[in-house]
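S.K.: give me the fold of what follows.
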Amino acid sequence: MLIIIYLFCVVIRFLCLYLYLICTIMNNPFESIEARLNNIETLLLDLKHNPLEQSTQTEKDELLTVQDAAKFLSLSVPTIYGLISKGNIPMMKRSKRCYFSKVELINYLKQGRKKTIAETAAEADQYLRNKRKGKYDGTY
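M.R.: Residues are numbered from 1 along each chain as shown. A predicted model of the protein is given here:
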């Protein structure tokens with residue numbers, strides 16, 4: 001029994017020595033995690049103080065021909081000319097040629113957006129509330 005206790009003590013000493021050597025030779029994993037977290041925090045603070053501009057704002061305004069506008073809007077060239085003759089699409093004319101601003105075409109597409117049922121219901125509720133209070137200004 002005494003031998004077993006002695007062997008157990010030797011094994012425990014060996015394990016303690018082994019763990020000590022591992023901890024001193026290897027880097028502490030918590031230090032590397034802390035360093036990574038510090039890097040992430042620095043990046044987040046940089047983003048907070050210097051936000052990236054949206055790609056739509058940095059996109060340069062391009063001039064498009066009728067063919068380019070038709071391709072951009074996924075319409076045929078005769079349809080584009082029909083919209084031009086009706087005055088439904090924003091365009092510029094210079095020396096018998098029609099040009100389109102890409103930004104204006106994007107805004108033109110956004111104006112044609114249909115409201116969702118929830119948006120329409122919210123607008124109707126707001127209209128009814130304002131009408132009851134006598135605040136209707138005729139903009140709905």
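S.K.: what's the spacing between residue 71 and residue 121?
M.R.: For residue 71, the distance to residue 121 equals 37 Å [C-beta to C-beta, to the nearest Å]. C-beta: built from backbone N, CA, C; applies to glycine.
S.K.: burial measure for residue 105, as a count.
M.R.: The tally of other residues near residue 105 (other C-beta atoms under 10 Å) stands at 19.
S.K.: let me fix that, I meant to ask about residue 100.
M.R.: Residues near residue 100, counting by other C-beta under 10 Å: 24.
S.K.: how about residues contacting the longest strand along the chain?
M.R.: Criterion DSSP state E: the longest strand present in the chain is strand 97-101. Identification of contacts with strand 97-101 by C-beta atoms under 8 Å, 6 or more residues apart in numbering yields 61-66, 68-69, 84, 89-93.
S.K.: would you turn those residues into JSON lines with distance to residue 106, neighbour count and secondary structure?
M.R.: Shown next, in JSON lines, are these (distance: C-beta to C-beta, whole Å; neighbours: other C-beta atoms under 10 Å; DSSP: H, G, I helix; E, B strand; the rest coil):
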{"residue": "61", "distance to residue 106": "10", "neighbour count": "9", "secondary structure": "coil"}
{"residue": "62", "distance to residue 106": "11", "neighbour count": "13", "secondary structure": "coil"}
{"residue": "63", "distance to residue 106": "14", "neighbour count": "12", "secondary structure": "strand"}
{"residue": "64", "distance to residue 106": "11", "neighbour count": "19", "secondary structure": "strand"}
{"residue": "65", "distance to residue 106": "17", "neighbour count": "14", "secondary structure": "coil"}
{"residue": "66", "distance to residue 106": "17", "neighbour count": "17", "secondary structure": "helix"}
{"residue": "68", "distance to residue 106": "14", "neighbour count": "16", "secondary structure": "helix"}
{"residue": "69", "distance to residue 106": "11", "neighbour count": "23", "secondary structure": "helix"}
{"residue": "84", "distance to residue 106": "18", "neighbour count": "17", "secondary structure": "helix"}
{"residue": "89", "distance to residue 106": "12", "neighbour count": "20", "secondary structure": "coil"}
{"residue": "90", "distance to residue 106": "11", "neighbour count": "15", "secondary structure": "coil"}
{"residue": "91", "distance to residue 106": "14", "neighbour count": "19", "secondary structure": "coil"}
{"residue": "92", "distance to residue 106": "16", "neighbour count": "11", "secondary structure": "strand"}
{"residue": "93", "distance to residue 106": "20", "neighbour count": "9", "secondary structure": "strand"}
